Structure formats: structure tokens, C-alpha cells
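S.K.: kindly return the folded structure for what I paste below:
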Amino acid sequence: MYLREEIVSEVGELARENINALVLVCRNVALGKDSRLFLRVAACLLMISVFGALTDIVTLCYMSLAILLTIPALYERYDDQIDKYMMSAYRSLQQIRVNFDYYITMIRKLDLEKFQ
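M.R.: This next block holds a predicted model:
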């Protein structure tokens, strides 16, 4: 097996760019510059913590396998109904997001007015 230097350099450059982008995102989250991403990360970590506290790895693997084997069959059978409910849920979540963004903007304006 032979690896050319050009390929190794390209892979290294790609890895460097992705790692730098990840470090920049982590830095912005840690400094509080991206509050939306911070809340997403906090929610994901909370969800992982709750699942980890409720189950062990064997149960988690078993449940994951059962879900992975049943979801495609259920979706194939009831795809029209599922799509209808998913679109309804998507619209509801979009409305919640719009309201959340509005309140965050109002809070930021109040903070800016307060400190000026």
C-alpha cells in the first residue's frame, strides 16, 4: 500500500480546517456569543444525561435495535398519516421558534437599553 504525499497533505488540510471550525464554534458557545447553539448543546447534554441515568448500555442497544427494525416498517405502512402529523408538528415548532426569537430579540433590546 502506498500513500502519495499529495493525498496525505489534502487530508491533513481538510482535517485542520474542520478542527479549526469546530474549535471556533466551541469558543463562541463557551463565551456566550451564540446563545441558540448553547441552548441546543445544553438540551442535548441534558437528554443524554437523562437517558444515561435511566438505562444501561445493554438496554440502550436492545431498544435501539428494536426501534431501528420497527420504524421503517411502521412508516411504510402508515406514511400518509405520519407525514400529515409531522407537517403539523413542524408548523407548530416553527411558530414556537418565531415566538422564541421574538422574545429573545425583545430581551436583547431591553438589555441594550438598560446598559446605555
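
S.K.: the helices in this structure, which residues?
M.R.: Along the chain, counting by DSSP state H, helices occupy 5-31, 35-54, 57-77, 79-115.

S.K.: quick one: the third one to helix 79-115, angle?
M.R.: Right, helix 57-77. Interaxial angle, helix 57-77 versus helix 79-115 (axes from the mean of the first three to the mean of the last three CA atoms, to 10 degrees): 120 degrees.

S.K.: could you do the second one as well?
M.R.: Taking the same axes, to 10 degrees, helix 35-54 and helix 79-115 form an angle of 120 degrees between their directions.

S.K.: and for V41, the neighbour number?
M.R.: 14 (other CB atoms under 10 Å). Placement of C-beta: from N, CA and C, glycine included.

S.K.: again with N28
M.R.: Residue crowding around N28 was assessed by other CB under 10 Å; the count is 14.

S.K.: tell me the contacts of it?
M.R.: D34, L37 (CB atoms under 8 Å, 6 or more residues apart in numbering).

S.K.: how much space is there between the residue nearest the centre of the chain and G52?
M.R.: Per CA atoms, centre = their mean, the C-alpha nearest to the average position across the chain is that of R40, at 6.2 Å. Using CB to CB, to the nearest Å, we find R40 at a distance of 18 Å from G52.

S.K.: equivalent analysis for L24, please.
M.R.: When L24 is compared with G52 (using CB to CB), they lie 29 Å apart.

S.K.: kindly report the same for L45.
M.R.: 10 Å.

S.K.: mind giving me the domain ranges of the protein?
M.R.: Using automatic domain parsing, the domain parsing of the chain gives 1-54, 57-116.

S.K.: same question for the last one, mean pLDDT?
M.R.: It refers to domain 57-116. For domain 57-116, mean pLDDT rounds to 90.

S.K.: the shortest one now?
M.R.: Average pLDDT, domain 1-54: 88.

S.K.: quote the end-to-end distance of it.
M.R.: 47 Å (CA to CA, to the nearest Å).

S.K.: so how far is it off the chain centroid?
M.R.: With CA atoms, centre = their mean, to the nearest Å as the basis, domain 1-54 stands 12 Å off its chain's centre.
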